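Engineer: sequence first, then the predicted structure, then my questions.
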Amino acid sequence: MAPAALLQRDVPLHRLNTFGLPARAAWFAAIETPAQLVALIATPEWRYLQRFVLGGGSNLILTGDFDGLVLHARIAGRELIAEDDDAWTVRAGAGECWHDFVCWTLERGWPGLENLALIPGTVGAAPIQNIGAYGLEMAERFQQLEAVDLATGETVTFDRSACRFGYRDSAFKREAAGRYLVAAVTFRLPKRWRPLTGYADVARELETRKIADPTARDIADAVIAVRSRKLPDPARIGNAGSFFKNPVVDAATFARLAARYPEMPRYAQPDGAVKLAAGWLIERCGWKGKNLGPVGVYEKQALVLVNRGGARGEDVLRLARAIRESVRAMFGVELEPEPVVL
Ligand code: EPU
């Protein structure tokens, strides 16, 4: 297809973000191969257009129409690219559905991603915020990714250290934000696998199922059950997963808070800092199950904001601001939003 034929004008985005927020893109292109993108980058119009790369839209708050070009990453494919004594090395296109990819690895008997089952979004989006759940972060299984540099059209390979992964964070949310379209991601799935069942909700679920020695599939099933109970299905209730990161406070701040709230959940960090549970803080401020206009705080998990119907980006931001102010006033703790706000 000629590059110009890829470009669509004035495209609605409400079905392309899991919060179901209304917004339009002035220009839109579905990218199915890296070559299509490279051809687009070579056109004269390219450098005049502001760009935004969209994956599954599950970690995105759209605050209004986007006057530039939305690039929808739809690159498909998944394959075993190597196998040695230690690991299976598996590569997937950025547009693959994350959960389907996890299930595909498990069906083939390659464990390692089971704790990340049912996370919404695409493979290409997974490294952007280093998705994590139930004691595992994607970074631990990540080998490398290939991304197209949107300024030059060159394909660049990023290994783990180049991605600078952190908690729900990577270079692609900071210094490299907006510069690349992730085309494919490669994972190393360990042959010497051990189950990660330390997280209380998953341990309890396995116990209920009377599974003492779980397979990777058993863990995926337990994770799916826990997630389905606690988190709203974006196909039914618009949401973007956890709306805030769990805040990390220094030891002195934590000591002050713990003296006052001994029951406060806490996760000690290697450097002496302490991660707090944002959902607990928000619930304590009385927000759980409450609405502000068409946006609400999910009744089963206070860290998730939900679309009660007809919400706009500004409604989401208004509730997020009100929650941050409450938490600041009550605990002196700053909450930082997790999704990308456009
Ligand atoms: N809690 C409450 N009230 C609430 C919610 C939570 O008191 O309304 C308490 C829980 O009882 C528990 C603690 O807070 O003691 C932690 O809650 P939970 O296990 O539900 O996990 P979370 O810290 O709220 C994080 C991730 C989730 C991930 C789960 C499981 C972040 C920002 N969120 O949530 O990730 O699924 O752990 O690992 O780190 C996402 O990033 O979008 C996401 C859903």
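Structural biologist: Sure, I can see it.

Engineer: what does this protein have sitting close to the ligand?
Structural biologist: With the criterion set to C-beta under 6 Å from any ligand atom, the chain comes near the ligand through 133-134, 201, 230-231, 241-242, 245-246, 265, 277, 279-280, 283, 288, 301-303, 338. Just so you know, the C-beta spots here come from the backbone N, C-alpha and C atoms, and that holds for glycine as well.

Engineer: where does Pro195 sit, in terms of helix or strand?
Structural biologist: Here Pro195 is covered by no helix or strand, with elements defined by DSSP states H and E.

Engineer: distance of Glu175 relative to Val156?
Structural biologist: Taken as C-beta to C-beta, to the nearest Å, the spacing of Glu175 relative to Val156 amounts to 14 Å.

Engineer: pick out whichever of those two has more residues nearby.
Structural biologist: In terms of neighbours (other C-beta atoms under 10 Å), Val156 is the more surrounded of Glu175 and Val156; the figures are 15 against 9.

Engineer: Arg328 - that's part of a strand, no?
Structural biologist: No. Counting by DSSP: H, G, I helix; E, B strand; the rest coil, one finds Arg328 to be helix, located in no strand.

Engineer: which ones are touching it?
Structural biologist: Applying C-beta atoms under 8 Å, 6 or more residues apart in numbering, one finds that Arg328 lies in contact with 334-335.

Engineer: what pLDDT does it get?
Structural biologist: What the model reports as pLDDT for Arg328 is 98.

Engineer: for Glu45, same thing?
Structural biologist: Per the predicted model, pLDDT is 86 at Glu45.

Engineer: now the buried members of the residues of the chain next to the ligand.
Structural biologist: Buried members of those, counted by 16 or more other C-beta atoms under 10 Å: 133-134, 201, 231, 241-242, 245-246, 277, 279-280, 283, 288, 301-303, 338.

Engineer: please list all residues in contact with the most centrally placed residue in the chain.
Structural biologist: Nearest to the mean C-alpha position of the chain, counting by C-alpha atoms, centre = their mean, stands Ile131 at 4.9 Å. By C-beta under 8 Å, 6+ apart, Ile131 lies in contact with 98, 116, 119, 121, 125, 137-138, 168.

Engineer: buried residues in the longest strand along the chain, which are they?
Structural biologist: Longest strand of the chain, by residue count under DSSP state E: strand 180-190. Neighbour counts over strand 180-190 (16+ other C-beta under 10 Å) mark 180-189 as buried.

Engineer: try stretch 189-201
Structural biologist: Using 16+ other C-beta under 10 Å as the burial criterion, the residues of stretch 189-201 that qualify are 189, 195-197, 199, 201.

Engineer: do the same with stretch 13-23
Structural biologist: Residues of stretch 13-23 classed as buried by neighbour count (16+ other C-beta under 10 Å): 13, 16-21, 23.

Engineer: and the furthest pair within these?
Structural biologist: Set against one another by C-beta to C-beta, those have their most distant pair in Thr18 and Ala23, with a gap of 13.3 Å.

Engineer: from the stretch 51-200 of the chain, which residue is nearest to the ligand?
Structural biologist: Nearest to the ligand, among the residues of the stretch 51-200 of the chain, is Ala133, at 3.8 Å (C-beta to the nearest ligand atom).

Engineer: show me what contacts that residue?
Structural biologist: 115-116, 119, 223, 227.

Engineer: so which residues make contact with stretch 268-288?
Structural biologist: Contacts for stretch 268-288 (C-beta under 8 Å, 6+ apart): 167, 242, 244-251, 254, 257, 261, 264-267, 297-299, 301-303, 323, 326-327, 330-331, 333, 335.

Engineer: for that stretch, measure first residue to last.
Structural biologist: Across stretch 268-288, the straight-line distance between its terminal residues is 25 Å, by C-alpha to C-alpha, to the nearest Å.

Engineer: mind listing the helices for the stretch 151-300 of the chain?
Structural biologist: Secondary structure of the stretch 151-300 of the chain, counting by DSSP state H, counting those that start in this stretch: helices at 160-163, 200-208, 216-230, 251-260, 278-284.
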